[in-house]
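Student: prediction below, plus the sequence it came from.
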Amino acid sequence: MRIVIARDYEHLSCLGAGLVGEAIVRKPDLVLGLATGVTPLGVYRKLGEMYEAGQVDFSRLTVFNLDEYYGLSPADPRSYRSYLERNLFSRVNLRPENIHLVPGQPGNVADACRNYDLAIAAAGGIDLQILGIGQNGHVGFNEPGKSLCVATHLVDLAPQTVEANARSFPDHGAVPGRAVTVGMGAIMKARRILLLAGGREKAAAVAGALWGPVTTAVPASLLQLHRHTTLIVDQAAAGLIRDCTSAAGGSG
Ligand code: GLP
């Protein structure tokens, strides 16, 4: 895994957007996996700026998002669909037919999940997957447990995840207890992964993911087995790994 320690969140966002932008320039029909959460917001803002400046064209890109709360209306501003519309889709020239969103609506979830995996496969798999990391080491909504699911699936959120995500909701009780997430299969099959982590509260998860045992108890630790992952962390999230790396700016 390549590790890049950014000075701060702004630097992390610049480096992350630079990596994604370069990948799109190299392969205009890239298949990009999108994470949500607070961490990638700066990357999406900068990608919007790169599009405005005529540096990156999104018209041939295909995107798949990573996860969605279960049972929230798509129009709900807290849904990940709304998040992506607000923070990325409205800022760039993605074609609506190239946007794929994890099904979060009640109904035949199993079929909808299977169709989502089939759509990823039909697109040729994910070229570049953007990931954040939960404080408990989750990626997407693949929560720590005795086993991990390969396919897209419905999941019960861990109490720590509900707690962490409560900031977007009026109270804990309003946070959906379930979500649909792309499984570890499509994530690990991505040809390239960009893992982003910022803030001191992520330091333990980052260290566990990098140097702990590869275990389903820390889903991000599976990324140690991935051939082409770049981790970009800010100084705060790198707090517990800095003893293990010498060069600020990159190692690994
Ligand atoms: C959330 C999302 C993840 C996200 C992670 C970190 O629960 N399901 O996709 O990467 O947790 O979020 P944040 O960047 O807001 O800390």
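Tutor: In hand now; what should we look at?
Student: C-alpha from now on. contacts and neighbour counts both.
Tutor: Will do.
Student: wasn't Arg86 part of a strand?
Tutor: No: according to DSSP: H, G, I helix; E, B strand; the rest coil, Arg86 belongs to no strand; its state is helix.
Student: run a quick neighbour tally on it.
Tutor: 12 (other C-alpha atoms under 10 Å).
Student: and the gap between it and Thr36?
Tutor: Going from Arg86 to Thr36 by C-alpha to C-alpha, to the nearest Å gives 11 Å.
Student: go on, Leu154?
Tutor: In this view, Leu154 and Thr36 are 17 Å apart by C-alpha to C-alpha.
Student: quick check, the residue in the stretch 101-250 of the chain closest to the ligand?
Tutor: Here the stretch 101-250 of the chain gets closest to the ligand at one residue, Gly132, 3.3 Å apart by C-alpha to the nearest ligand atom.
Student: now do the contacts for that residue.
Tutor: If you count contacts by C-alpha atoms under 8 Å, 6 or more residues apart in numbering, Gly132 has them with Ala35, Thr36, Gly37, Thr39, Pro40, Val139, Gly140, Leu195, Leu196, Ala197.
Student: what does the stretch 51-200 of the chain put close to the ligand?
Tutor: By C-alpha under 6 Å from any ligand atom, the residues of the stretch 51-200 of the chain that approach the ligand are Leu131, Gly132, Ile133, Gly134, Val139, Gly140, Phe141, Thr161.
Student: CSV for those residues, including secondary structure and pLDDT?
Tutor: What follows is these, written out as CSV (DSSP: H, G, I helix; E, B strand; the rest coil; pLDDT from 0 to 100):
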residue, secondary structure, pLDDT
Leu131, strand, 98
Gly132, coil, 98
Ile133, coil, 98
Gly134, coil, 96
Val139, strand, 98
Gly140, coil, 97
Phe141, coil, 97
Thr161, helix, 92
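Student: for Gly173, state which of the residues you listed is nearest.
Tutor: The shortest approach to Gly173 among those belongs to Thr161, at 12.8 Å (C-alpha to C-alpha).
Student: what distance do you get for that closest one to Tyr51?
Tutor: For Thr161, the distance to Tyr51 - C-alpha to C-alpha - is 33 Å.
Student: I appreciate the help and will end here.
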